[in-house]
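Novice: for reference, the sequence and a predicted model appear below.
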Amino acid sequence: MVARGVEQLTQQQRDALAWQGNLLLTACPGSGKTRTLIAKLVAEVEKVRDTPKSICCITYTNTAVQEIELRTAEQLGPGDDRHFSVSTIHAFCLHEILRPYGWLRPGFKRATTILTRESPDFELIAQHAAAQVNYFQLTQSDYEAFESLSLDPRGNLVGLAAENVAIARAAPFFWQRCAELDYIDFGTIIYGAYCLLRDHPKIAATLCAKYAWFLIDEFQDTTELQVEILKLLHATDRSRFFAVGDLAQCIYSFTGAKPELVEPFGRDIGAKMDLTLSGNFRSSPKIIAHAERLFPRTPPMTAEGPEKVCVIEPVLVRTLSNFHAITERFLPMLEEQAIPLGEATILAKDWASLISLSRQLREFGVPVVGPGARPYRRSRLFASLAEQLCGAVTDPTPESNRQLERALFHAVRDATGIARMDLFSPSGRVVFIRLMHEAKRLAAPGGAIHFLDNMSRATGQILKDAEFVDDVQAGLFYASVQEMKVDMQRQQIDIANLSVLDLGLFASPDKALRLSTIHYAKGREYGAVAMIGVKQGRFPHIRSDDVEAEKRQFYVGVTRARRLLMYISEPDRWANPPSPFLGPQGVNIL
Ligand SMILES: Nc1ncnc2c1ncn2[C@@H]1O[C@H](COP(=O)(O)OP(=O)(O)OP(=O)(O)O)[C@@H](O)[C@H]1O
């Protein structure tokens with residue numbers, strides 16, 4: 001049977017899809033690598049439908065997981081979800097290896113919570129670990145190093161943390177503290193899974209008996225340890241591999257990813273490596289020309305998509321500030337080109353440089369999503385659920401319902417420490433309906449504070465009635481709203497005028513201008529992109545000794561744009577000129 005969706009593939013994409021052995025497909029941005037991967041997922045699910053087998057798809061971020069799941073589900077029938085799983089490499093290692101088999105490792109302690117940068121204890125754990133080595137003044141980059149702790153197969157630190165002497169010394173104390181507080185960090189998940197696979201070959205055999213294929217997206221960002229995991233799976237000789245990526249888009253060197261790992265892996269698993277995709281379906285010819293100057297391709301990348309007729313030149317703006325560049329140049333250009341706000345993004349190298357811009361834009365009345373856009377801490381217990389409830393009321397769609405279900409599940413888990421899967425059962429459905437009913441009623445007057453106060457109480461009551469939370473836990477929702485109000489007062493938000501619509505915006509970010517890092521934007525695309533901080537000293541970073549890695553990051557930013565691309569170089573007190581990537585060795589516009 002021909003898989004649905006195949007008719008929308010080019011011949012090159014179909015060739016990749018049809019290859020029945022291991023395949024390593026490296027290709028240019030916007031060439032449909034992810035689209036081909038999804039077509040492969042659909043085609044292989046159709047083949048295993050009447051068997052106990054499944055297909056395992058591994059990608060990089062939770063958002064990519066959701067996107068692939070959604071696009072796959074659209075092309076498959078009911079019940080097919082039994083035959084595939086889409087997860088991040090961390091979720092795969094945790095749920096398929098560490099949780100079921102962790103008991104095989106001596107001294108292994110089953111941790112309940114994953115430690116992320118968002119976890120309320122993250123900074124405390126980092127500070128505790130640093131204090132053990134007499135290091136007290138942690139900087140932003142120290143926290144980033146803790147966040148990206150990664151090991152190689154020999155158990156040595158790699159990436160950002162390996163280059164940071166203090167954090168490298170503090171790392172063992174960080175892990176120890178995590179274990180004491182019942183947390184597990186991402187680095188430990190991958191390393192623990194690797195050790196289990198290495199020491200217990202039956203685990204790989206069991207996994208590969210289940211999974212006919214492993215499909216891997218964004219393969220260029222795979223670390224040495226992750227490559228070893230895949231090699232151990234491959235050694236069972238039971239599953240096949242379909243990996244897609246682009247060496248010029250390798251941007252996770254801080255976790256130990258290296259473009260040099262890609263081809264040797266392909267050779268090790270005997271993958272076909274001579275197929276490629278050369279058409280870019282995303283960007284205009286002018287944007288592609290900039291990308292080509294940064295990393296020329298053979299054959300050259302060509303524009304094949306709807307923007308191939310667009311002749312707008314990318315521009316460099318050097319004004320008073322990022323805020324001026326956005327409000328006086330970028331936003332008017334969006335309007336001129338009829339590009340909706342939700343189709344545009346502002347990209348920066350790091351979150352920090354987006355926070356004040358985000359606040360300025362919000363105060364200026366531009367709806368924004370991204371760092372600093374929320375007037376309260378996102379980790380507050382009721383925050384996400386409140387946003388999703390507001391979103392589901394103001395902009396009801398099937399997706400908003402799904403997001404609301406997920407937010408409810410997370411809120412109950414955070415309040416009780418228990419993952420209540422029965423929230424997805426009929427009793428959960430009743431809770432969901434009652435919450436929606438109450439949310440509609442309370443949202444009618446329109447004020448966010450009235451909504452938050454009353455809805456948090458109602459949520460506690462509804463969940464208590466259905467026995468998902470106890471009395472004390474029910475009260476936590478209202479308490480967290482009081483914390484949200486303090487957050488807002490600290491930020492001098494005019495809370496009296498904050499509306500349900502404003503809160504709902506965070507649940508439907510597709511209507512707001514998105515501010516994000518280039519890392520977050522990886523794999524995504526936007527009608528218009530404004531890149532800030534495109535100046536000497538920041539791009540490449542003054543202390544970076546890997547200019548190629550910086551250029552790849554810049555390249556990822558450039559290649560996210562479909563139609564409009566604006567580089568913004570804000571003057572600073574050091575009178576830094578615009579980034580050398582804009583000069584003759586780069587895109588050639590200086
Ligand atoms: N055969 C095709 N026909 C029409 N549009 C296509 C085709 N292949 C890909 N596209 C479109 O091109 C865009 C880029 O596709 P996709 O995200 O799969 O590319 P990618 O190679 O994974 O990109 P990147 O590496 O830059 O993240 C998407 O909008 C996709 O729908």
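Specialist: Yep, that arrived.
Novice: identify the residue nearest residue 330 in space, chain neighbours excluded?
Specialist: Nearest non-adjacent residue to residue 330, counting by Cβ to Cβ, 6 or more residues apart in numbering: residue 530, 4.7 Å away. Just so you know, the C-beta spots here come from the backbone N, C-alpha and C atoms, and that holds for glycine as well.
Novice: is the helix or strand hosting the one you found anywhere near the ligand?
Specialist: For residue 530, the element it lies in under DSSP states H and E is strand 526-531. No - no part of strand 526-531 sits near the ligand under the criterion Cβ under 6 Å from any ligand atom; the closest distance found is 10.8 Å.
Novice: list the buried residues for the following helix or strand past that strand?
Specialist: Sequence-wise, the next helix or strand downstream of strand 526-531 (DSSP H and E) is helix 547-558. For helix 547-558, burial by neighbour count (16 or more other Cβ atoms under 10 Å) applies to 549-558.
Novice: buried set for the one helix or strand residue 334 maps to?
Specialist: Element membership for residue 334 (DSSP H and E) is helix 331-336. For helix 331-336, the neighbour count (16+ other Cβ under 10 Å) marks 331, 333-334 as buried.
Novice: ok, the residue nearest to residue 364 when sequence neighbours are not counted to residue 357 distance?
Specialist: Closest residue to residue 364 apart from its sequence neighbours, by Cβ to Cβ, 6+ apart: residue 327 at 6.3 Å. According to Cβ to Cβ, to the nearest Å, residue 327 and residue 357 sit 10 Å apart.
Novice: the two - which one has more neighbours?
Specialist: In this view residue 327 and residue 357 are compared by other Cβ atoms under 10 Å, and residue 357 has more residues nearby, 24 against 16.
Novice: low-confidence ranges, the stretch 251-400 of the chain, go.
Specialist: Scanning the stretch 251-400 of the chain for pLDDT under 70 picks out 372.
Novice: in contact with the residue of it found nearest the ligand: list those residues for me.
Specialist: Nearest to the ligand in the stretch 251-400 of the chain, going by Cβ to the nearest ligand atom, is residue 281, at a distance of 3.1 Å. Contacts for residue 281 (Cβ atoms under 8 Å, 6 or more residues apart in numbering) come out as 30-32, 304-305.
Novice: quick one on the thing from earlier: helix or strand right after the helix holding residue 334?
Specialist: Note on helix 331-336: by DSSP H and E, the next helix or strand toward the C-terminus is strand 344-348.
Novice: and the residue of the stretch 101-250 of the chain nearest the ligand?
Specialist: In the stretch 101-250 of the chain, the residue found nearest to the ligand is residue 246; the distance is 5.1 Å by Cβ to the nearest ligand atom.
Novice: number of nearby residues for that residue?
Specialist: Residue 246: 27 surrounding residues under other Cβ under 10 Å.
Novice: that older thread, which other helices and strands contact the helix holding residue 334?
Specialist: Where contact means 3 or more Cβ pairs under 8 Å, 6 or more residues apart in numbering; DSSP states H and E, helix 331-336 is packed against strand 561-568.
Novice: I figured the residue nearest to residue 364 hits residue 368, correct?
Specialist: No - using Cβ atoms under 8 Å, residue 327 makes no contact with residue 368, being 11.9 Å away.
Novice: common neighbours of these two, please.
Specialist: Among the neighbours of residue 327, those also in contact with residue 368 (Cβ under 8 Å, 6+ apart) are residue 361.
Novice: endpoints of stretch 507-522, how far apart?
Specialist: End-to-end span of stretch 507-522 (Cα to Cα, to the nearest Å): 21 Å.
Novice: cool, stretch 75-87 as well?
Specialist: Stretch 75-87 end-to-end distance (Cα to Cα) = 18 Å.
Novice: over to stretch 567-584?
Specialist: 15 Å.
Novice: pLDDT weak spots in the stretch 1-150 of the chain?
Specialist: Ranges of the stretch 1-150 of the chain meeting pLDDT under 70: 1-7.
Novice: what separates the residue of it found nearest the ligand from residue 244, distance-wise?
Specialist: For the stretch 1-150 of the chain, the residue closest to the ligand is residue 32, as judged by Cβ to the nearest ligand atom, at 2.8 Å. Between residue 32 and residue 244 the computed distance is 9 Å (Cβ to Cβ).
Novice: again with residue 167
Specialist: Distance, residue 167 to residue 244, by Cβ to Cβ: 33 Å.
Novice: picking up where we left off before, isn't the residue nearest to residue 330 right up against residue 323?
Specialist: No - using Cβ under 8 Å, residue 530 is not in contact with residue 323; the gap is 11.5 Å.
Novice: distance check, residue 275 against residue 265.
Specialist: In this view, residue 275 and residue 265 are 16 Å apart by Cβ to Cβ.
Novice: which of these two has more residues huddled nearby?
Specialist: Using other Cβ under 10 Å as the criterion, residue 275 and residue 265 rank with residue 265 on top: 22 against 17.
Novice: does any part of the strand or helix carrying that one sit near the ligand?
Specialist: If you go by DSSP H and E, residue 265 is part of helix 262-268. No - shown here: helix 262-268 not in contact with the ligand (Cβ under 6 Å from any ligand atom), separated by at least 13.7 Å.
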